[in-house]
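[1] here is the input, now give the coordinates:
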Amino acid sequence: MKNPFPPSVAVCLWSYDLNKLDLSEHKSHIITNVLNYGTHDAVEWLFSHYNREEIAQYVKNPLPGEWDKKSLNFWSVMFNV
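    Now for the predicted structure:
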């Protein structure tokens, strides 16, 4: 399988085998890591692959132990959750 992630997103997923990550099956980890560590380009990519409601759900119901507190606070304000 071809790696579907551009370099700006790949660096956010450094601990995963990118060839095994599925955009649907692993979206919770992809969304969380890009929002935590991503650049503007990575976040733009994220919004082009997932809708706002999907992304907001992972901010509203964060994965335990996966979020940087400052990032979670920022995205909580941005999504008003």
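[2] what's the nearest residue to residue 55 once chain neighbours are set aside in contact with, if anything?
    Using Cβ to Cβ, 6 or more residues apart in numbering and skipping the chain neighbours, the partner closest in space to residue 55 is residue 31 (5.6 Å). Where C-beta positions appear, they are placed from N, C-alpha and C, glycine not excepted. By Cβ atoms under 8 Å, 6 or more residues apart in numbering, residue 31 lies in contact with 46, 50, 54, 55, 58.
[3] what helix or strand is residue 66 on?
    Per DSSP states H and E, residue 66 falls between elements, in no helix or strand.
[4] tell me, what residue is most central in this protein?
    residue 31 (1.9 Å; Cα atoms, centre = their mean).
[5] from residue 62, how far out is that one?
    With distances taken as Cβ to Cβ, to the nearest Å, residue 31 is found 10 Å from residue 62.
[6] ok, residue 77 next?
    According to Cβ to Cβ, residue 77 and residue 62 sit 14 Å apart.
[7] neighbour count for those two, which is higher?
    residue 62 (19 against 10; other Cβ atoms under 10 Å).
[8] chain neighbours aside, what residue packs nearest to the more buried one?
    residue 72 (5.8 Å).
[9] same deal with residue 46?
    Computed as Cβ to Cβ, 6+ apart, the closest residue to residue 46 that is not its neighbour in sequence is residue 34, at 4.6 Å.
[10] picking up where we left off before, possible to save the contacts of residue 31 as TSV with distance to residue 12, secondary structure and pLDDT?
    Listed next are the contacts of residue 31 as TSV, based on distance: Cβ to Cβ, whole Å; DSSP: H, G, I helix; E, B strand; the rest coil; pLDDT from 0 to 100:
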residue	distance to residue 12	secondary structure	pLDDT
46	9	helix	98
50	14	coil	97
54	17	helix	95
55	14	helix	97
58	14	helix	96
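[11] dump those to a markdown table, plus distance to residue 16 and neighbour count.
    Output for the contacts of residue 31, formatted as a markdown table (distance: Cβ to Cβ, whole Å; neighbours: other Cβ atoms under 10 Å):
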| residue | distance to residue 16 | neighbour count |
| --- | --- | --- |
| 46 | 15 | 21 |
| 50 | 17 | 19 |
| 54 | 19 | 13 |
| 55 | 18 | 22 |
| 58 | 16 | 21 |
